[in-house]
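Novice: I'll drop the sequence and a predicted model, then ask my questions.
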Amino acid sequence: MTQCKQTSVGFPLPLGASVTSQGVNFAVFSKNAQQLYLCLFNAEHEEVDRLPFTERTDNIWHIEVMGLKEGQLYGLRADGLFEPQSMHFFNINKLLIDPYTKSLSSGLTFHSDQISLTNAGTPDTQDSAHCVPKSIVRTVEPKPHKRPTALSGNHRCVYEMHIKGFSQQLDIEPRLQGTYLGACSEPAIRHLKQLGITTIQLLPCFAFADEIHLMEKELTNYWGYNPINFFTPDSRYAVNDAVDEFQTMIANFHEAGFEVIIDVVYNHTAESELNHGTTCYRGLDNAVYYRHNQKQYLNYTGCGNCVDTYHPASIRLICDSMRYWVDIMGVDGFRFDLGVDLGREAHDFSPNAPLLHAILQDPILSKTTLIMEPWDIGPNGYQVGQFPNGFMECNDKYRDTVRRFWRGDSDVVPEFATRIMGSRDVFHKGHKSALHSVNYITYHDGYTLRDLVSYHDRHNLANRENNRDGHGDNISQNFGVEGETENTDILEKRLVQQRCFIATLLLSQGTPHFLGGDELSNSQQGNNNAYCQDNSITWLDWRVSKEQQTLTQDISTLLALRKQYPILAEAFLPDDPLYHHKTSDHIEWFNASGQPMSAEDWSTSDQTYLSLTLTDGKTNTKLWLIFYRADKQQFVTPPSESRIDTLLYSTGGYNLSDQKLTLETRSVSLIALK
């Protein structure tokens, strides 16, 4: 190893590696390190230089190295106190990834030499350079393309997509299957446009690692919620260059008119527990980057550690990362995993937490689409409806209530009415639009829509945890047979139930969210926690079927109606102070006899019928929306003083003749009145 590079003090900002006219400047934050070192590697990944940072400004170490160029491999080492009682784990033997690197030489695989803390509580002396990806000096420029026109909130419909699962079995060139380029291929875009969705939500694309316990079981982290780095796209979805191909994917989606948001994991990292690998943040400044108390991590994520999003260094890191993904990589917004952690101050959640306000005051980030998963597993970790305006929130109350309604549960109709009208008990009138509620029936964590109507119990044995993982109560039903069947009567009932779920979702006030593949009636064989299944269990099945054709057409039809009649997404109610400046719409609830719902109607525990009219205050258009969840004949009278004009949509099972409507089975219908 030689140390013959010419250096200068450089500059503290921007953080990371920046190419200069004379070489490359490196800037790294560490408050508690006593010395940082820049390690340079040759093409064979041999460490050829170890240069001490010679300047420090406001806890940012910086150095400029003359003669270095794009593509240079490097890493960091940090020296300082090794005091577990103070949560300091500086260990010069451990090579560290630059938190701001834009590209990595490889993926990260756990190796015992990455461990910094031995079982005896002493520093491990094995050098880890051979098993830690090298950071790469790279200047990334935005890819010129035209972003889509700003999306009207009442038109938004989110489609959750796993890059590999979506495209692995798509009928495209084999080398593109399972990749960024496959996800934006012509057949993929044609399908998405046919559906009519507006917004693609990508599961995590940050470079991520497999957890140790999965490696021991010969499984992998499929979903990607285990990040190594907040700036680098994962290479496992790339044909050649992950950065360029991710940008190309976003550009192709934009040119097709889609908004793209990414699921981001800022709440924890792949370094996991204290006795696991030290590859970045723990080695640079553990006491700053991770929440801790009494010599232990505060594990509010269930993933071994919890990023201290109350510390200014973490706030800067996260906001810099978000701006990079917007300005350079091209995305339009973010869905935040375990978002309550981002809103914690010292320990407790607050809507005034500094990170949340930093995002909302940022002139770039505040204009993006922001969706929160409003919980974590820490104290007071359930905060649905409590995030500040500017953040939409995933609404599990909607999911559970709608599932219970269609399963036939008792005493659920009043809450069902609340949920389909935008969950105003959570997103209160006068404070938030109903569009803040991200309504969903299914998400990546849980059953698919088909499995929701095919399985009563979870079937997670493939996860090799003895079927103990995943939710035990899924509010599901199987219609008489557990799993796959050839019984045509059961199959028809399952299809009808899926159609009722989809219609309910798209005819509810709020922002709808679909799990990619539900339109294909995709099954995961009853696995409701398929995070470690990178195989046919999770890859979408694109074979044409009756179910696929029916559900795809339903979604397309309903989304077109939702755009034609904006009141279906957001009604401006006269008792909502938020909309006093707008012309008020009008909502009324009716029973099957066409009379306004009485107190007795609302309190009937086994109520199977609910309908409402929505009258647009500007156009005077009146829509009649009907939900019926029984499988027996029901005669229905139109609302008083109204006549049926046009049946706009129905899941089926009805007879309409001479102003008389008969429902033969469970169904959802939308009718224009006159």
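Specialist: Sure, I can see it. Residues are numbered from 1 along each chain as shown.

Novice: what's the residue nearest to the spatial centre of the chain sitting at in phi/psi?
Specialist: Centroid check for the chain by CA atoms, centre = their mean gives residue 263 as the closest residue, at 3.7 Å. Note on residue 263: its backbone torsions stand at phi -80, psi 120 [degrees, to the nearest 10].

Novice: Name the nearest residue to it, ignoring sequence neighbours.
Specialist: Computed as CB to CB, 6 or more residues apart in numbering, the closest residue to residue 263 that is not its neighbour in sequence is residue 335, at 4.6 Å. The way it works is simple: take the backbone N, C-alpha and C, and place the C-beta from them, glycine included.

Novice: Tell me the bridge partners for that neighbour.
Specialist: residue 263, residue 371 (DSSP bridges).

Novice: Next, count neighbours for it.
Specialist: 24 (other CB atoms under 10 Å).

Novice: what's the answer for residue 546, then?
Specialist: 11.

Novice: which ones are touching it?
Specialist: Counting by CB atoms under 8 Å, 6 or more residues apart in numbering, residue 546 makes contact with residue 495.

Novice: Now with 10 Å, please.
Specialist: Counting by CB atoms under 10 Å, 6 or more residues apart in numbering, residue 546 touches 491, 492, 495, 521.

Novice: And the residues you listed, which is closest to residue 306?
Specialist: Comparing those against residue 306 with CB to CB places residue 521 closest, at 38.0 Å.

Novice: surely that closest one meets residue 544?
Specialist: No - the criterion here is CB atoms under 10 Å, and residue 521 misses it with residue 544 at 11.1 Å.

Novice: Out of those two, name the residue with the larger neighbour count.
Specialist: Neighbour totals were compared for residue 521 and residue 544, and residue 521 leads with 24 against 9 (other CB under 10 Å).

Novice: buried subset of the contacts of residue 546?
Specialist: 491, 495, 521 (16 or more other CB atoms under 10 Å).

Novice: Can you tell me which of the residues you listed is nearest residue 299?
Specialist: Nearest to residue 299 among those, with distances taken as CB to CB, is residue 521, at 37.8 Å.

Novice: contacting residues for the residue nearest to residue 475 when sequence neighbours are not counted?
Specialist: Spatially, and ignoring its direct neighbours in sequence, residue 475 is nearest to residue 403 (3.8 Å; CB to CB, 6+ apart). Counting by CB under 10 Å, 6+ apart, residue 403 makes contact with 409, 412, 441, 442, 447, 452, 474, 475, 476, 477, 501.

Novice: Okay, helices next: where are they in the chain?
Specialist: 163-167, 180-183, 186-195, 212-216, 242-255, 281-289, 312-327, 354-361, 396-407, 413-420, 449-452, 488-506, 546-564, 599-603 (DSSP state H).

Novice: burial count for the closest residue to residue 278 other than its chain neighbours?
Specialist: The shortest distance from residue 278 to any non-neighbouring residue, by CB to CB, 6+ apart, is to residue 116 (3.7 Å). The burial count assigned to residue 116 is 25, neighbours taken as other CB under 10 Å.

Novice: Also residue 506?
Specialist: 24.

Novice: distance of it from residue 569?
Specialist: In this view, residue 506 and residue 569 are 9 Å apart by CB to CB, to the nearest Å.

Novice: anything in contact with each of the two?
Specialist: What both residue 506 and residue 569 touch, as defined by CB under 10 Å, 6+ apart, is the set 157, 512, 562.

Novice: Give me the pLDDT value at the first one.
Specialist: Predicted confidence (pLDDT) for residue 157: 98.

Novice: Name all residues that make contact with it.
Specialist: 151, 195-199, 505-506, 511-514, 555, 558-559, 562-563, 569.

Novice: now with 6 Å?
Specialist: 197, 198, 512, 559 (CB atoms under 6 Å, 6 or more residues apart in numbering).

Novice: ok, those vs residue 634, which is closest?
Specialist: Nearest member of the contacts of residue 157 to residue 634, counting by CB to CB, is residue 512, at 26.8 Å.

Novice: Could you give the bridge partners of the closest one?
Specialist: Beta-bridge pairing for residue 512 (DSSP bridges): residue 439.

Novice: Can you verify my assumption that it contacts residue 440?
Specialist: No - counting by CB atoms under 6 Å, residue 512 stays clear of residue 440, with 7.4 Å between them.

Novice: quick one: residue 534 and residue 232, what's the gap?
Specialist: Separation of residue 534 from residue 232 (CB to CB): 20 Å.

Novice: Tell me which of the two has more neighbours.
Specialist: Taking other CB under 10 Å, residue 534 and residue 232 do not tie; residue 232 has more neighbours (25 against 21).

Novice: Tell me the predicted confidence for the more buried one.
Specialist: For residue 232, the pLDDT comes out at 98.

Novice: Just give the nearest non-adjacent residue to it, would you?
Specialist: Using CB to CB, 6+ apart, the nearest residue to residue 232 is residue 207, at 4.3 Å.

Novice: got it, and residue 60?
Specialist: residue 12 (4.1 Å).

Novice: for residue 499, what are its contacts?
Specialist: So residue 499 contacts 554, 651 (CB under 6 Å, 6+ apart).

Novice: switch to 7 Å and redo it
Specialist: 550, 551, 554, 651 (CB atoms under 7 Å, 6 or more residues apart in numbering).

Novice: Count the neighbours of the second one for me.
Specialist: Residue 551: 24 surrounding residues under other CB under 10 Å.

Novice: Next one: it from residue 204, what distance?
Specialist: 26 Å.

Novice: Also residue 88?
Specialist: Counting by CB to CB - residue 88 and residue 204 are separated by 30 Å.

Novice: didn't residue 349 look like it was pressed against residue 343?
Specialist: Yes - assessed by CB atoms under 7 Å, residue 349 is found in contact with residue 343 at 4.9 Å.

Novice: so what pLDDT did residue 1 get?
Specialist: 63.

Novice: Domain-wise, how is the protein divided?
Specialist: According to automatic domain parsing, the chain comprises the domains 7-136, 156-568, 577-673.

Novice: Ok, which of those comes nearest residue 142?
Specialist: Closest among the domains of the chain, once you apply CB to CB, is domain 156-568, at 5.2 Å.

Novice: Quick one: end-to-end distance for the closest one.
Specialist: Using CA to CA, to the nearest Å, one end of domain 156-568 lies 12 Å from the other.

Novice: same check, this time on stretch 616-629
Specialist: Counting by CA to CA, you get 27 Å between the two ends of stretch 616-629.

Novice: Give me the mean pLDDT for that stretch.
Specialist: Regarding stretch 616-629, the rounded mean pLDDT is 97.

Novice: repeat for stretch 317-331
Specialist: 98.

Novice: List of residues touching it?
Specialist: Residues contacting stretch 317-331 (CB under 7 Å, 6+ apart): 15, 99, 140, 142-143, 230-231, 246-247, 250-251, 260-262, 266, 309, 334, 355, 358-359, 362, 364-365, 368.

Novice: What residues sit buried inside it?
Specialist: 317-322, 324-326, 328-331.

Novice: Low-confidence ranges, the protein, go.
Specialist: 1-3 (pLDDT under 70).

Novice: the more surrounded of residue 88 and residue 204?
Specialist: Per other CB under 10 Å, whichever of residue 88 and residue 204 has more neighbours is residue 204, with 21 against 17.
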